[in-house]
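Enquirer: how would this look folded up:
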Amino acid sequence: MGMGEKYTIARFTKDNEHFEVLVKPEKALDYRVGKTSAITEVLVAETIFSDANKGTKVSEEALRKAFGTTESLKVAEVILKRGTIQLTTKQRRKMIEDKRKQVIAFISRQCVDPRTNLPHPPLRVEQAMEQIHYSIDPFKPVEEQAKEIIKLLRSILPLKMEQVSVGVRIPAEYSAKAYGTIKGFGTIKREEWRADGSWHGVLEMPAGLYGPFLEKIGEITKGSAEAKMLS
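Expert: Numbering: from 1, shown residues only. The predicted structure follows:
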């Protein structure tokens with residue numbers, strides 16, 4: 001039977017024995033990341049195979065030895081949580097594409113062009129990434145891959161990951177409202193609420209976020225906030 005998009009295999013190996021179940025690709029991923037806990041929705045069949053492609057089943061004895069139970073749902077649960085799930089080509093493509101977008105967004109947010117101190121637009125980062133042929137791993141954290149990519153991109157694109165300190169003053173009428181937003185942009189290094197209710201603070205953030213920060217804070221305080229880069 002050919003592995004179409006309809007189902008795929010989840011496989012778990014223990015003591016050199018293979019245990020496989022047939023699963024629905026989308027549901028299996030949902031189960032793996034905790035979006036669903038209904039294992040019956042994930043399984044195409046409640047049979048535990050030693051080789052699903054050949055249709056060879058595992059003996060009850062082998063199940064008991066490896067899992068301490070012959071209940072196929074309990075076994076399937078272990079296979080799905082701890083084993084490997086074969087992704088369909090379509091799924092893999094989608095996961096890689098999503099991760100690639102996240103990596104591009106991360107680089108464009110965290111890095112600046114040292115010549116202008118402005119962030120590189122995502123499109124420019126994307127075009128540079130096409131030249132280095134880095135294979136995005138759908139399962140590896142965004143930040144980890146972004147940092148490897150930044151090293152490789154430097155030969156094509158001048159990049160620096162730079163933190164800047166920004167002094168901020170928010171008038172009293174907006175201070176409570178703006179506070180959450182300020183925290184979302186970086187790390188508050190110093191802060192003080194003045195007697196008049198205004199907020200004064202120093203924020204450290206990736207240089208690439210300075211522009212968007214000014215915009216956002218201006219929006220919230222109707223242009224009455226003060227913010228400046230501290231050398």
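Enquirer: okay, CA-based contacts and neighbour counts for the rest of this
Expert: OK.
Enquirer: how about the longest helix seen in the chain: buried residues?
Expert: For the chain, the longest helix by residue count, based on DSSP state H, is helix 89-110. Using 16 or more other Cα atoms under 10 Å as the burial criterion, the residues of helix 89-110 that qualify are 91, 95-96, 99-100, 102-110.
Enquirer: same question, stretch 184-204
Expert: 185, 186, 188, 198, 199, 200, 201, 202, 203, 204.
Enquirer: got the contact list for residue 84?
Expert: Listed by Cα atoms under 8 Å, 6 or more residues apart in numbering, the contact set of residue 84 reads 10, 11, 12.
Enquirer: could you give the number of residues near the second one?
Expert: Taking other Cα atoms under 10 Å as the neighbour definition, residue 11 ends up with a count of 24.
Enquirer: next: the last one.
Expert: If you count neighbours by other Cα under 10 Å, residue 12 ends up with 22.
Enquirer: roughly how far does it sit from residue 107?
Expert: 36 Å (Cα to Cα, to the nearest Å).
Enquirer: got it, and the first one?
Expert: As for residue 10, its distance to residue 107 is 34 Å (criterion: Cα to Cα).
Enquirer: name the helices or strands packed onto the helix or strand of the chain with the lowest mean pLDDT?
Expert: Within the chain, no helix or strand scores below strand 160-161, which has a mean of 82 by mean pLDDT, DSSP states H and E. Identification of packing neighbours for strand 160-161 by 3 or more Cα pairs under 8 Å, 6 or more residues apart in numbering; DSSP states H and E yields strand 111-112.
Enquirer: what angle do the next helix or strand after the strand it packs on and helix 89-110 make?
Expert: Helices and strands here follow DSSP states H and E; after strand 111-112, the next one along the chain is helix 122-132. With axes from the mean of the first three to the mean of the last three Cα atoms, to 10 degrees defining the directions, helix 122-132 sits at 120 degrees from helix 89-110.
Enquirer: now helix 122-132: buried residues?
Expert: Those would be 122, 125, 126, 128, 129, for helix 122-132 by 16+ other Cα under 10 Å.
Enquirer: same question, stretch 147-156
Expert: Neighbour-count burial for stretch 147-156, counted by 16+ other Cα under 10 Å, picks out 149, 150, 152, 153.
Enquirer: the last one contacts residue 126, doesn't it?
Expert: No. Look at residue 153 against residue 126 with Cα atoms under 8 Å: they stay out of range, at 10.4 Å.
Enquirer: roughly how far out does the longest helix of the chain sit from the chain middle?
Expert: From the chain centre to the centre of helix 89-110 is a distance of 8 Å (Cα atoms, centre = their mean, to the nearest Å).
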